[in-house]
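Q: Have a look at this prediction, sequence included:
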Amino acid sequence: MAENAHLSSLISQLKSIVGEGYLLTDSAKMQPYCKGFRFGSGEALAVIRPASLLEIWQALKACVAADAAVIMQAANTGLTGGSTPDGNQYDRPLVIISTMRIDQIQLIDQGKQIVGLAGSTLFGLEETLAPYGREPHSVIGSSCIGASIVGGICNNSGGALVKRGPAYTEMSIYAQINQSGELELVNNLGIDLGNSAEEMLTNLQNQTYQATDVRFPELRASDNEYNERVRNVDADTPSRFNNDGRRLYEASGCAGKLAVFAVRLDTFPIPEKKQVFYVGTNDDKVLTQMRRDILSGFTNLPDSGEYLHRDCYDVSKKYGKDMFIVISNLGAKFIPKLFAFKRKFDAFSDKLGFLPNKMSDRVLQYLSYLFPNHLPKRMDDFRDQYQHHWILEMSNDGVDEARAYLTDFFAKHEGGFFECTEKEAVQAILHRFVAGGAIGRYHIMNSKNVGAMMTIDVALRRNDNEWFEVLPKEIDQSIDTKLYYGHLFCHVMHQNYVLKKGVDAKALKAQILATFDARQAEYPAEHNVGHEYFAKAPLKAFYKQLDPTNSFNPGIGKTTKFKNWVEATDHDSGCCKH
């Protein structure tokens, strides 16, 4: 009885802070916030949707006083369930704070840097920067599904752009709970905002600070060393991965172990000239040589180099067609609305009980059959000729450099290339982008005939020339379909496995990860551990340092969900190494 009164009191406080319309306690209404974009789900006491940074602070104070754990959530587009609960084996009530109503973006120094508040999105940033001739860290991929700026920083998200590395900053403003269980506000944003937490957060949100309050300390607002790191093709370590201690700093890589109010980031000039080259070959060693030549020998680094295997090309063409058509005709801005509709539609169809799961995907797939082929003939011709496809994007002086290199290279090596028209370039990049969702759709549509699906993003050593995976026979015989794509220059590969019926997915995944361990690869590479991967010792130590009472996002990386990092039994925690 006393516990119920305690929880009722917390809910009443949260309601008074955010308003009745922005407090959710009904399980059906909370479901979009409690279920991951692709992975994971759990239970929460309440979901709140505050309208200001000050409301977040007030809600955090109420949760700390009530001994409730907190999950900070932005767009909930993560692929490993890292911003949702994981089951219900928590020792405290759990409150989800959705930040998406707080989407303001502030410009510094004519857009050379920005401050993104808690719910600001990459797409919003792209639109904000366009008039200034600049662009954000990521311009394809996460941006299209409405991912948040802060979420990218908290998860060291990778992206496709070779020159920019993982999302990273050393400049942020955040709340943390100290060893004594007290809530503290830390302002490392490089902007003088006042003294008290309430004053600082209000001044930031209202942008009442002056230009003279903005400082330019010796702190990074992007990973400005990455272009040197990725060029070192002889190094025996990966170029980027989530467990990289060099890029774990306060908000960066915190995975929700801090309540991040805002981050400050560098932006980048939009190139004056761009050209996409479409490369095909049947010999993976050809791409190995090209990667080494370009990274170590070119004066100008590529903008991106997206790899797609022919099998993945086919799946993307058939099962990503509807997404391709939507983005082509309605723009990427429509995608978050489409996903919101899909979630509501699936929630409704699930209630009916007699319809198959993921009904929205099934309907969209059948509708896609009504449309003609959406890919250009030259791409399809290369699909018939070559099993390995590489979409190489260059800009400015790099265009002529790449053209001369490719012409000379393919005069002596197997394979070929063509220069994309502007339309073909958009189509090629978009075809690669929809591959991830298409693989999920493929699994849904073929679920009666196949087993589980596993998606692993792995960072290979920079000097690993055997980047195209050949699995041992005892593993390969358990897999129905292998679908590969990735960021070949960065040696970050997305390996997707659809298993045969009856195969133990957990055991097989452990075997596959063991092959990565043997190759000194790192995983995950850019989607963070979420609730799918085990946080290795350095990452777990970082989490403990940030959140000594384990009150923010408990259980992340298969760590304990209990207060003060008290270990539960294996049965209670559900922990396993992988």
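A: That came through, no problem. Numbers count the residues shown, from 1 in each chain.
Q: which regions of the chain lie under the pLDDT threshold?
A: 1-3, 140-146, 569-578 (pLDDT under 70).
Q: just checking, residue 302 touches residue 399?
A: No - Residue 302 sits out of contact with residue 399 when judged by Cβ atoms under 8 Å, with a separation of 10.4 Å. The C-beta positions use only the backbone N, C-alpha and C, and glycine is treated the same way.
Q: Could I get the full set of helices for the stretch 51-200 of the chain?
A: Assigned by DSSP state H, counting those that start in this stretch, the helices in the stretch 51-200 of the chain fall at 53-65, 122-129, 149-154, 197-206.
Q: Pairing partners for residue 260 in the sheet, please.
A: Here residue 260 sits in beta bridges with residue 174, as judged by DSSP bridges.
Q: Find the nearest non-adjacent residue to residue 87, please.
A: residue 42 (5.0 Å; Cβ to Cβ, 6 or more residues apart in numbering).
Q: Can you report how many residues neighbour residue 318?
A: 15 (other Cβ atoms under 10 Å).
Q: and it, what helix or strand is that in?
A: Assigned by DSSP states H and E, residue 318 falls within helix 310-319.
Q: what's that helix packed up against?
A: Helices and strands touching helix 310-319, by 3 or more Cβ pairs under 8 Å, 6 or more residues apart in numbering; DSSP states H and E, are helix 377-385, strand 388-395, helix 422-433, helix 435-445, strand 479-487.
Q: and residue 549, which of these is closest to it?
A: Each of the helices and strands packed on helix 310-319 has some distance to residue 549 by Cβ to Cβ; the shortest is helix 435-445, at 35.8 Å.
Q: list the helices and strands the closest one packs on?
A: Helices and strands in packing contact with helix 435-445 are listed as helix 310-319, helix 359-368, strand 453-459, strand 479-487, strand 492-499; criterion 3+ Cβ pairs under 8 Å, 6+ apart.
Q: Report the distance from the second one to the chain centre.
A: With Cα atoms, centre = their mean, to the nearest Å as the basis, the distance from the averaged C-alpha position of helix 359-368 to the chain average is 25 Å.
Q: what inclination does that helix have with respect to helix 435-445?
A: Using axes from the mean of the first three to the mean of the last three Cα atoms, to 10 degrees, the interaxial angle of helix 359-368 with respect to helix 435-445 works out to 100 degrees.
Q: Quick check: buried residues in helix 359-368?
A: Neighbour-count burial for helix 359-368, counted by 16 or more other Cβ atoms under 10 Å, picks out 359, 360, 361, 362, 364, 365, 368.
Q: gap between the two ends of stretch 69-85?
A: End-to-end distance of stretch 69-85 (Cα to Cα, to the nearest Å): 11 Å.
Q: how about the nearest residue to residue 415, chain neighbours excluded?
A: The spatial neighbour of residue 415 that comes closest, neighbours along the chain excluded (Cβ to Cβ, 6+ apart), is residue 281 at 3.2 Å.
Q: Repeat that for residue 542.
A: Closest to residue 542 by Cβ to Cβ, 6+ apart is residue 248, at 4.9 Å.
Q: and the one you found, how far is that from residue 525?
A: 15 Å (Cβ to Cβ, to the nearest Å).
Q: of these two, who's got more company?
A: Under the criterion of other Cβ under 10 Å, the comparison of residue 248 against residue 525 puts residue 525 first, with 29 against 21.
Q: what's the helix or strand for the more buried one?
A: Assigning secondary structure by DSSP H and E places residue 525 outside every helix and strand.
Q: Identify the residues contacting it.
A: 158, 238, 240, 241, 242, 457, 458, 459, 492, 493 (Cβ atoms under 8 Å, 6 or more residues apart in numbering).
Q: May I ask which two of these are separated the most?
A: Using Cβ to Cβ, the two most remote members of these are 242 and 493, lying 14.6 Å apart.
Q: Which one of those two is surrounded by more residues?
A: It is residue 242, of residue 242 and residue 493, that has more neighbours when counted by other Cβ under 10 Å, with 30 against 22.
Q: so who does that one touch?
A: 155, 156, 253, 522, 524, 525, 526, 527, 528, 529, 539.
Q: can I assume the fifth one is in contact with residue 534?
A: No - contact between residue 524 and residue 534 fails when scored by Cβ under 8 Å: they sit 10.3 Å apart.
Q: what's the residue nearest to residue 87 sitting at in phi/psi?
A: Torsion angles at residue 42 (phi, psi; degrees, to the nearest 10) stand at phi -170, psi -170.
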